[in-house]
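In: Whatever this is, show me its structure:
(chains A and B)
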Amino acid sequence: MSTHTFLLNGARVSVDCDDDLRMLWVVRDLLGVHGPKYGCGLGVCQACTSHLNGLAVNLCAVRVGDIDDNDEIVTIEGLAATVGAPLHPMQQAWLDHDVSQCGYCQPGQIMTAVAKVRQARAEGRDLTDADYDQIRNVCRCGTYPRIRLAIAAGAQGMRRGG
Amino acid sequence: MDKLEHGDELGHGEQTGESRGVTRRSFVGYLIAAPTLVAAADLAFDSAALAALPTVQPVDAFDLTDGLTLTTAPTSQLISVEIRSDGTVAFALPRAEVGQGITTAVAMTIADEMGMPLDKVQVTLADARPELVWNQITAGSNSMHSIFTPVRVAAAIARERLLEAAAVVLGQPVGNLSLVDGIIRSVTGQTVAVATVAGLAAVSQTVAVQATLKSPSQFTLIGTPRGRIDAHDIVTGAKLFAMDLDIPGALPTMLCRAPTINASAISVRNFAAVKAMPGITDVVIIPHTTFVPGGVAVRGQTFGHCITAIRALDVVWGPGTVDGKSEANVLADLRASELPMLPPLLGKVIEDTFVFHFRPGDPLETSCAVADVRSDRAEVWAALKTPIWCKEQLALHLGLPLDKVTVHVTQAGGSFGRHLFPDAAFEAAEVSRVLGKPVKLMWHRTDNFRQGRVHPMCTSHVRLVHLLGNVLTFDQRHTSVATDFSQGFGELLTALVAMVPGLNGLTYAQLIFSLTANVPYNFGVVTQLINEIYAFNTFNTSSVRNIYSPEVCSAKELIVDRAARSMGKDPLAFRREFVRDARLRAVLDQVASAGNWGRTMPAGTAQGIAIHKEYKGAAACLVEIDCRAATVNRRVPDAYTGPRVTKVVYAVDVGLPINPLGLEAQMMGGIMDGIAQALSYSLHLQNGHFVEGSWDNAYYTRQWNTPPSVQIIVMPPTGDSPGGAGEFGVAATMAAVACAYARATGTNPTRFPINHDLPLGFTPLPTVPSIPESPTDGLEKAF
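Out: Numbers count the residues shown, from 1 in each chain, chains lettered A, B, ... in the order given. Okay, here's the model as predicted:
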């Protein structure tokens, strides 16, 4: 048992727990932030995808002991604040394309999408079908085609100012 | 807006207020004594609805949709809308929202019938209400069909009562008033807000009134594409599911589950050591029963603590229900139990038996529930499609009066039939009862695959005989591992059998099968029969999305393609010639045209086409598939790629589409299911357990399997009531993909999904401990 501190959606938080506890449970069960969802706990379904220092990670596959004091975690709840707007362009694209069905996987889908766009932008290119084919997030409702459309639209929104 | 209809607020039966001559029916309902305006419908006394009671049996005349709606009519007067003093409309929907968009469609219906803006209508999910009897079950894609008219009647009564109250305020005849976009207006331009008159419209004594529904031509919302009313909450992380509820004292709880299906825990060798682990509050054996899956429950500070403790448990397990069995044994039992066919007539016989393997039936949100059971009361929160039955069973089991058991219906992270079974609610309640503490119970994903509910393995034997250009006979013998209809839904089916002459003596399976299976072609003498093997709880099954239809339809359409080939006809031309339903022919023509049927395609690729009739609607699907080696052998880590469906064109006629955008979403989901079921998604039964334990083992459609092109065509209205939608995308897609695969590969596939007999593409997770350790490589995989 030790004290862990880091930034969560812009606020400094501290928890007392074992180093081995996965961040998904730190965030959900100890800090009460429920946007990242549990879908497998195996790093497979990606429903808990959130951002660590701007990169997409599966919180179920990160030990809290591997998180540093200055690490910044952003969950779906904190995404819009990263662009200083009521909604991040990717969230707006999700609304525009009515992507969600049950919605359970969508926080993870959106966080993955934002990271994918950033990744492609860092490489100086646009996302292609080949990139979409690499996205591992499970959507059991099967709204995959709308996810693709929304990512493309969200990428445009991010280019404009996101 | 036609002022006459509002002027005639007392109602006089049939009216023809529309200049187009559209006949509108008037309905009886109630203004309910309450501090604010509450209005309810009463279809039980609607003679027009009762006159439609069927007296014949063939599925064409009376299907499952009719049956489910019939059971809800007697309690329709208990469906009410409330106008709050702030001018908003509240409706507690007695159905489950599982992603199908029912809350949005119902909000649109209420708003349209009343004349309110959509954002002033708030739809929540009702707690279990036993007085609703059969009217709080979400099944058979029936919700919109059964609730459309009651909701409209209640909304119409509320609208007319508001206008009456406004008439007093404005000093105008009620006939001069209308409610449009949330504002009551008079013909002379006066306005008054709904909030102003909501209190005045309330009644102190419940009275029966009549109301006249708007004609479809007056709809401004119904039939227009609308985004989900919960979309904003979803994309901001604000939508709450059962596991997101903060119920005081309800600590995370998980179960260590058996290494074989349905085995019970006998003892725990290291009970004290595990109970003493950091963060663990309780460890207790929960026996396996008919309703409670059971195992060894562990309650702790976080789910992470539970996982660690479960992995440390050393449990002695008893026998399961299928120990030692593998799917070859099940297949042999199925083959031995097939009902006989009559000897074939003279002619060309097209015949085969198709095998459909077990496949998972669970949504992405694993089974979960919150329960707080005390000696004098109980409270449960869970995603439930049969909440009344759940409440009744809990009261019985806990020895509590019904009114001391509260069952809250939470938003569900998907269902696909799964939430007809309150397993998690029962299990959470049992753990809470035993411990005397609240619990937040969650299943691990691996357990959901291995001990969760599955679509049963089945075979479908089809024989078609044709002669001189005609099909003389079509026989189908479907043989299945028993589907569990026992929980709640089964009681409804029992009631249905009692209500409808001619259904006596049918088992649940025969009833569902006879009310859904059909052959929409002129094929002479047609017989379709089902037989089931094993007791209902040998395997854990559920009526997975579309129940028997995907397999029944796929077997049928594969044989249709073979018959067409045998008769030298094109698959589309053959279907057009023999289809016996105009709406089916219309959707068939639609996909053939939009999908450019018959276009020249490279070797190893092909089109497939199929049709399906169910839920008072018609559906057709055209797909293109790529089975060339370069595609099949694509490499994606820890994935099955295989043949790729490159294009889907799907046309659906649901009678009256409420929300085309939501309807497209439901078809899209069904399409993804159909692709998975034909090509990749199954479970392997080996030695008493299913080997799959993660989404990277059981291959539901992923992005790398998603068709680059998906076109969904919602046909214009062909009726004045909505049919079913939630399951309607599956069967035709699965059949079309199967047919396309056969044509692309030049084979006659008979075992589905088609990858099932390939060597396993993964190393199975251990069965002991039942839960795998969570990985620690998240940072290395960051992108």
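In: Do you have the helices of the stretch 351-500 of chain B handy? List them.
Out: In the stretch 351-500 of chain B, the segments counted as helices under DSSP state H, counting those that start in this stretch are B:387-398, B:423-435, B:445-451, B:489-499.
In: So what's the residue count around B:Ala33?
Out: 12 (other Cβ atoms under 10 Å in any protein chain shown). Quick note: C-beta positions are derived from backbone N, CA and C, even for glycine.
In: rewinding a little: which one of the helices of the stretch 351-500 of chain B lies closest to chain A?
Out: helix B:445-451 (3.9 Å; Cβ to the nearest Cβ).
In: Who are the packing partners of the closest one?
Out: Helices and strands touching helix B:445-451, as assessed by 3 or more Cβ pairs under 8 Å, 6 or more residues apart in numbering or on different chains; DSSP states H and E, comprise strand B:689-690.
In: Run me through the strand neighbours of the strand it packs on, direction for each.
Out: strand B:685-686 (antiparallel) (DSSP bridges).
In: starting at the chain centroid, how far to the strand it pairs with?
Out: 27 Å (Cα atoms, centre = their mean, to the nearest Å).
In: Averaged pLDDT, that strand. What do you get?
Out: Average pLDDT, strand B:685-686: 98.
In: what's the answer for stretch A:123-133, then?
Out: 94.
In: how about that stretch, does it reach chain B?
Out: Yes: Stretch A:123-133 comes into contact with chain B (Cβ under 8 Å from any Cβ of the partner chain), by way of A:129, A:132-133.
In: what residues does that stretch touch?
Out: A:116-117, A:120, A:147-148, A:151-152, A:155, B:636, B:703-704, B:706, B:708 (Cβ atoms under 8 Å, 6 or more residues apart in numbering or on different chains).
In: what would the residues you listed look like in TSV with neighbour count and pLDDT?
Out: Converted to TSV, the contacts of stretch A:123-133 look like this (neighbours: other Cβ atoms under 10 Å in any protein chain shown; pLDDT from 0 to 100):
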residue	neighbour count	pLDDT
A:Lys116	21	98
A:Val117	24	98
A:Ala120	15	96
A:Ile147	27	98
A:Arg148	23	98
A:Ile151	26	98
A:Ala152	17	97
A:Ala155	23	97
B:Val636	14	95
B:Gln703	21	98
B:Trp704	20	98
B:Thr706	26	98
B:Pro708	14	96
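In: just curious, which of those residues is nearest to B:Pro343?
Out: Closest to B:Pro343 out of those is B:Thr706 (46.0 Å), distances taken as Cβ to Cβ.
In: Thought A:Arg146 was touching that closest one, still the case?
Out: No: B:Thr706 is beyond contact range of A:Arg146, at 10.4 Å (criterion: Cβ atoms under 8 Å).
In: show me the contacts for the residue nearest to B:Ala92 when sequence neighbours are not counted.
Out: Nearest non-adjacent residue to B:Ala92, counting by Cβ to Cβ, 6 or more residues apart in numbering or on different chains: B:Ala126, 3.9 Å away. By Cβ under 8 Å, 6+ apart, the contact list for B:Ala126 reads B:92-94, B:136, B:409.
In: same question, B:Val730
Out: Residues near B:Val730 by Cβ under 8 Å, 6+ apart: B:545-546, B:549-550, B:670, B:673-674, B:677.
In: where's it relative to B:Glu351, distance?
Out: 25 Å (Cβ to Cβ, to the nearest Å).
In: Please name the strands paired to the longest strand seen in chain B in the sheet, noting orientation.
Out: Ranked by residue count under DSSP state E, the longest strand found in chain B is strand B:470-481. Strand pairing for strand B:470-481, determined by DSSP bridges: strand B:458-467 (antiparallel), strand B:525-533 (parallel).
In: Get me the contact residues on the stretch 301-450 of chain B for chain A.
Out: Residues of the stretch 301-450 of chain B lying near chain A (Cβ under 8 Å from any Cβ): B:301-305, B:307-308, B:363-366, B:411-416, B:442, B:444-446.
In: count of residues packed around the closest residue to B:Ser542 other than its chain neighbours?
Out: Nearest non-adjacent residue to B:Ser542, counting by Cβ to Cβ, 6+ apart: B:Arg453, 3.9 Å away. Neighbour count for B:Arg453, taken as other Cβ under 10 Å: 25.
In: buried sites along the biggest helix by length in chain B?
Out: When chain B is scanned for its longest helix (criterion: DSSP state H), the result is helix B:143-170. The neighbour-count check on helix B:143-170 (16 or more other Cβ atoms under 10 Å in any protein chain shown) flags B:143-167, B:170 as buried.
In: which among the residues you listed are in contact with chain A?
Out: Within those, nothing lies near chain A by Cβ under 8 Å from any Cβ.
In: And B:Ile310, how far from B:Phe271?
Out: On the measure of Cβ to Cβ, B:Ile310 and B:Phe271 end up 13 Å apart.
In: Tell me where chain A has helices.
Out: Remark: helices assigned in chain A by DSSP H are A:23-25, A:76-79, A:89-96, A:106-122, A:129-132, A:144-160.
In: Deepest in the core, which of those helices is it.
Out: helix A:23-25 (a mean of 28; mean count of other Cβ atoms under 10 Å in any protein chain shown).
In: The residue of the stretch 301-450 of chain B found nearest chain A: neighbour count?
Out: Distances between the stretch 301-450 of chain B and chain A by Cβ to the nearest Cβ are smallest at B:Gly413, namely 3.1 Å. For B:Gly413, the neighbour count with other Cβ under 10 Å is 30.
In: how about the nearest residue to it once chain neighbours are set aside, what does it touch?
Out: Once flanking residues are discounted, B:Gly413 sits nearest to B:Glu365: 2.6 Å by Cβ to Cβ, 6+ apart. Going by Cβ under 8 Å, 6+ apart, B:Glu365 touches A:37, A:39, A:102, A:104, B:241-243, B:383, B:412-414.
In: Where does the record place the domain boundaries for chain A?
Out: Chain A breaks down by automatic domain parsing into domains covering A:2-79, A:80-160.
In: can you pull out the strands in the stretch 251-400 of chain B?
Out: For the stretch 251-400 of chain B, the strands defined by DSSP state E, counting those that start in this stretch occupy B:251-256, B:265-268, B:280-286, B:295-300, B:315-317, B:348-356, B:359-360, B:368-373, B:378-382.
In: so B:Asn537 makes contact with B:Val292?
Out: No: the pair B:Asn537 / B:Val292 is not scored as a contact, 11.7 Å apart, by Cβ under 8 Å.
In: Below-threshold pLDDT in the chain: ranges please.
Out: Here I'm looking at chain A. A:161-162 (pLDDT under 70).
In: Sorry, I should have been clearer: chain B.
Out: B:1-25, B:43-58, B:77, B:504.
In: How is it divided into domains?
Out: B:3-230, B:242-321+B:367-442, B:329-359+B:454-523+B:547-752.
In: Which of these sits closest to A:Leu59?
Out: That would be domain B:242-321+B:367-442 among the domains of chain B, by Cβ to Cβ, at 10.7 Å.
In: starting at the chain centroid, how far to that closest one?
Out: How far domain B:242-321+B:367-442 lies from its chain's middle: 24 Å, per Cα atoms, centre = their mean.
In: Would you mind listing the outside residues contacting stretch B:628-643?
Out: A:44, A:133-134, B:602-605, B:625-627, B:644, B:679-680, B:696, B:699, B:702, B:704-705, B:741, B:744, B:754-755, B:761-762.
In: so how many other residues sit close to residue 102?
Out: Unless you meant another one, I'm taking chain A. Residues lying near A:Cys102 (other Cβ under 10 Å) number 31.
In: Oops, wrong one, chain B.
Out: For B:Ile102, the count of nearby residues is 24 (other Cβ under 10 Å).
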